[in-house]
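# compute the structure for the input listed below.
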Amino acid sequence: MSTSVPTPAIHSAASPVTAGHDTVGADSVAPTTPLPRLLGVLAARPLLILLLGIGLLAANTSLVYANALVVVVDVVALGLVALAMRAEGRRLGDLFCPLRWLDLAWGALLLLILVVGFLASNVAANLIVYGGAPPVPTGAAPAVPLWVGLVAVLIAPLTIALSEEAVYRGYAQPRLQQRIGRIGALIAVAAAFGLQHVGFALTSGPEVASKVLTTFFAGLILGGLWLWFRRLLPLVLAHWGLDLLFLGLPTLALALL
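This next block holds a predicted model:
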């Protein structure tokens, strides 16, 4: 999740706004990325996660497994971004460079913003969908093997952060911005980011709506942070921390029950 707004003429190491203008991937975008390629990269991850969720339900397996198996989707999505970047004569790593120690501090600050923003997004989504707090789940917690919990806490938060930030903020948002403007790109990418979470909540219509709205609002925050920073790495670090707190650790707790 991310947000940002820069001033190209200023280059101060102390400013997060100018920190992004040294990078290849932030402002230096191919003149016109072919629309099919752009939409393909943007749509691939939501479709793959939807297929993952459908597959788990067809196998009568808890959707909690998706919190670990999403690593496979992350690798495929990163591969697609790498191919799209290569078609522009660039590398996937260009989206994340340069690497700076100061990014750790900015990442910690953005994590605080994201945690507050995500919680506020969840409250707003539940108010819209349920008119208040969501119903308390009934029945026994799903049985989750330890390997799912370990992958979800040790690997998935990092691969999710790298993949989602590369796909949505690093690749899609600046290229869409060339076609439909800053606000249009921000909303479109946040919508795709929200829709990708349908595959994680297929068992209940209201749960799907709440998750999509929560992550749509969070996507607006993430997109706004990208517009502010124009650098991806601090967002990746903050996104990793957010998914560790709200996805990895809860999944591990389920596995240890």
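
# pretty sure Leu42 contacts Val167?
Yes. Between Leu42 and Val167 there is a contact under CB atoms under 8 Å: 7.0 Å. In this view, the C-beta of every residue, glycine as well, is placed from N, C-alpha and C.

# for those two, indicate the residue with more neighbours.
Each of Leu42 and Val167 has its neighbours counted (other CB atoms under 10 Å); Val167 has more, 28 against 23.

# mind pulling up the pLDDT for the more buried one?
Looking at Val167, its pLDDT stands at 97.

# go on, the one 4 residues further on?
In this prediction, Tyr171 carries a pLDDT score of 96.

# could you measure from the residue nearest to it when sequence neighbours are not counted over to Ser163?
Among residues not flanking Tyr171 along the chain, Val81 sits closest, at 5.2 Å (CB to CB, 6 or more residues apart in numbering). Separation of Val81 from Ser163 (CB to CB, to the nearest Å): 8 Å.

# Thr215 now?
To Ser163, Thr215 is 14 Å away according to CB to CB.

# for Pro46, same thing?
As defined by CB to CB, Pro46 lies at a distance of 12 Å from Ser163.

# so between those two, which is more surrounded?
Ser163 (24 against 21).

# now for the helix or strand containing that one, which elements pack on it?
Ser163 is part of helix 156-164, with elements assigned from DSSP states H and E. Helix 156-164 sits against helix 66-87, helix 233-243, with contacts defined as 3 or more CB pairs under 8 Å, 6 or more residues apart in numbering; DSSP states H and E.

# pick the most buried one from the ones you listed.
helix 233-243 (a mean of 25; mean count of other CB atoms under 10 Å).

# which strands and helices sit next to that helix?
The elements that helix 233-243 packs onto, with contact taken as 3+ CB pairs under 8 Å, 6+ apart, are helix 102-130, helix 156-164, helix 205-229.

# can you pull the buried residues of the helix or strand that comes right after the second one?
The one in question is helix 156-164. As assigned by DSSP H and E, the chain's next helix or strand after helix 156-164 is helix 173-195. Residues 173-177, 185-195 are the ones in helix 173-195 that count as buried (16 or more other CB atoms under 10 Å).

# mind checking which of the helices and strands packed on helix 156-164 is nearest Phe118?
helix 233-243 (6.2 Å; CB to CB).

# same question for the next helix or strand after that closest one: list its buried residues.
Counting by DSSP H and E, the next helix or strand C-terminal to helix 233-243 is helix 249-256. Across helix 249-256, burial judged by 16+ other CB under 10 Å covers Thr251, Leu252, Leu254, Ala255.

# ok, now stretch 202-212?
For stretch 202-212, a neighbour-count test (16+ other CB under 10 Å) marks Leu202, Glu207, Val208, Ala209, Ser210, Lys211, Val212 as buried.

# out of the residues you listed, which two sit at the greatest distance?
Based on CB to CB, the longest span within the buried residues of stretch 202-212 runs between Leu202 and Ser210 and measures 13.1 Å.

# low-confidence bits of the stretch 151-257 of the chain, can you list those?
Nowhere does the stretch 151-257 of the chain drop to pLDDT under 70.

# for the closest residue to Leu92 other than its chain neighbours, give its distance to Arg175.
In space, and not counting its chain neighbours, Leu92 is closest to Ala82: 4.0 Å by CB to CB, 6+ apart. In this view, Ala82 and Arg175 are 15 Å apart by CB to CB.

# show me what contacts Gln173?
Applying CB atoms under 8 Å, 6 or more residues apart in numbering to Gln173 gives the contacts Ala185, Leu186, Val189, Gly223, Trp226.

# ok, now with 6 Å
Contact analysis of Gln173 by CB atoms under 6 Å, 6 or more residues apart in numbering lists Ala185, Val189, Gly223.

# CSV for those, including distance to Leu92?
Output for those, formatted as CSV (distance: CB to CB, whole Å):
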residue, distance to Leu92
Ala185, 21
Val189, 18
Gly223, 20
